[in-house]
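# sequence isn't available, so here's the structure alone:
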């Protein structure tokens, strides 16, 4: 019998959430299940899998966290915020959530419809601005362990990280002919990355120019850019599409959903996703009505769709 799962995104990470509050799935099979479902390009794909289980120590519910390779993790801050939202929306907790984790009890607060805050575990170890030598270069690093057992975090200060990203994109653009024969560096993946980077650096004129390039490369893709409907999780891994077709753009948008949906926006879409949709509507006004008609047809035919099943 199939069991539904959910896919949540938080601060750049995506997670599969499985409800096992009834204990129907033996915990012994969960590591293998996590590794299989989290595999990129061959399955759903995710940074980790979280299981909602019955509480054991007086919390609202228990979170069992698995890394993408199936190994058991103590806790994940971004994942905890996602599972707090899941717990509230599925009736397992109120506006304040008490989540049991391997690293201890995590408290979460619902501060808006799509915003949740958690209290991280008290640091068990803290070392600030320590020198670390790697390949003859010295880095200033800070090390912190959260909780007991501690969750290790290493923070390295990197000046002008956005500038390094831009240089890496330039390097990739020059290498494109040797990587993808017959394709230029104007496909959806490259241009969406250019748009996201320029938008992050508040270079909206540059981002708009990249969006215009994207529309020229995909002349039938305006509706897809306005709607931004994500393909079912993992479905794009099994699709074969024509280069520079609308279908290819849909695949690229599905793979970029973490970028598009990040940030607090009143529409719930995400700051960058909303900006792309609004500016596409300005550049291609006729696509707005077409997107609206298509959405109405889909709603009339299928209605609201439920979750995926494995």
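Cool, got the structure. These numbers were taken from a predicted model, which means no experiment stands behind them.

# which element follows the longest strand that the chain contains toward the C-terminus?
Secondary structure assigned by DSSP state E gives strand 123-134 as the longest strand of the chain. Sequence order places strand 137-146 as the next helix or strand after strand 123-134, per DSSP states H and E.

# neighbouring strands - and their directions - for the helix or strand following that following strand?
Toward the C-terminal end, the helix or strand that comes next after strand 137-146 (DSSP H and E) is strand 151-156. Applying DSSP bridges to the sheet, strand 151-156 is found paired with strand 137-146 (antiparallel).

# please enumerate residues in contact with the strand it pairs with?
With contact meaning C-beta atoms under 8 Å, 6 or more residues apart in numbering, strand 137-146 is reached by 75, 103, 120-133, 151-157. C-betas here are computed from N, CA, C, even on glycine.

# again, only this time at 6 Å
Strand 137-146 has contacts (C-beta atoms under 6 Å, 6 or more residues apart in numbering) with 120-121, 123-132, 152-156.

# got the angle between it and strand 123-134?
Taking axes from the mean of the first three to the mean of the last three C-alpha atoms, to 10 degrees, one finds strand 137-146 and strand 123-134 inclined to each other by 170 degrees.

# how about strand 137-146: buried residues?
141, 143-146 (16 or more other C-beta atoms under 10 Å).

# possible to save those residues as CSV with pLDDT and distance to residue 175?
Shown next, in CSV, are these (pLDDT from 0 to 100; distance: C-beta to C-beta, whole Å):
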residue, pLDDT, distance to residue 175
141, 89, 31
143, 88, 35
144, 85, 37
145, 82, 39
146, 74, 39
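
# ok, the longest strand of the chain: who's next to it in the sheet?
Applying DSSP bridges, one finds strand 123-134 paired with strand 137-146 (antiparallel).

# surely residue 51 touches residue 20?
Yes. Taking C-beta atoms under 6 Å as the definition, residue 51 is a contact partner of residue 20 at 5.0 Å.

# more crowded one of the two?
Comparing residue 51 with residue 20 by other C-beta atoms under 10 Å, the one with more neighbours is residue 51, at 22 against 17.

# then that one would be within a helix, right?
No. Counting by DSSP: H, G, I helix; E, B strand; the rest coil, one finds residue 51 to be strand, located in no helix.

# that one: what's it in contact with?
18, 20, 64.

# am I right that the last one sits in a strand?
This points to residue 64. Yes. When classified by three-state DSSP, residue 64 is found to be part of a strand.

# give me the most central residue, the chain.
Geometric centre of the chain, nearest residue: residue 258, 3.4 Å, by C-alpha atoms, centre = their mean.

# I'd say residue 10 and residue 81 touch.
Yes. Look at residue 10 against residue 81 with C-beta under 6 Å: they come within range, at 5.2 Å.

# who touches stretch 277-285?
For stretch 277-285, using C-beta under 6 Å, 6+ apart, the contacting residues are 208, 211, 215, 222, 225-226, 288.

# also stretch 7-21?
5-6, 37, 44, 46-54, 78-79, 81-82, 86, 233, 258, 261.

# swap in stretch 202-221?
186, 191, 194-195, 198-199, 244, 246, 249, 279, 283.

# give me the buried positions along it.
For stretch 202-221, by 16+ other C-beta under 10 Å, it's 207-208, 210-211, 214-215, 217-218, 221.

# what mean pLDDT would you report for it?
Regarding stretch 202-221, the rounded mean pLDDT is 94.

# same check on stretch 229-242?
Mean predicted confidence for stretch 229-242 is 60.

# could I get the contacting residues of residue 60?
92-93, 97-98.

# who does residue 133 form a beta bridge with?
residue 138.

# before we move on, back to that, out of the contacts of residue 51, which comes closest to residue 298?
residue 18 (27.6 Å; C-beta to C-beta).

# residue boundaries of the helices in the stretch 51-200 of the chain?
Counting by DSSP state H, counting those that start in this stretch, the stretch 51-200 of the chain has these helices, from start to end: 77-89, 161-179, 188-200.

# now residue 208: how far from residue 79?
When C-beta to C-beta, to the nearest Å is applied, the distance between residue 208 and residue 79 equals 34 Å.

# nope, residue 174 is what I meant
Residue 174 is 37 Å from residue 79, by C-beta to C-beta.

# of the two, who's got more company?
residue 79 (25 against 9).

# touching, that one and residue 49? I think so.
No. Using C-beta under 6 Å, residue 79 is not in contact with residue 49, being 9.2 Å away.
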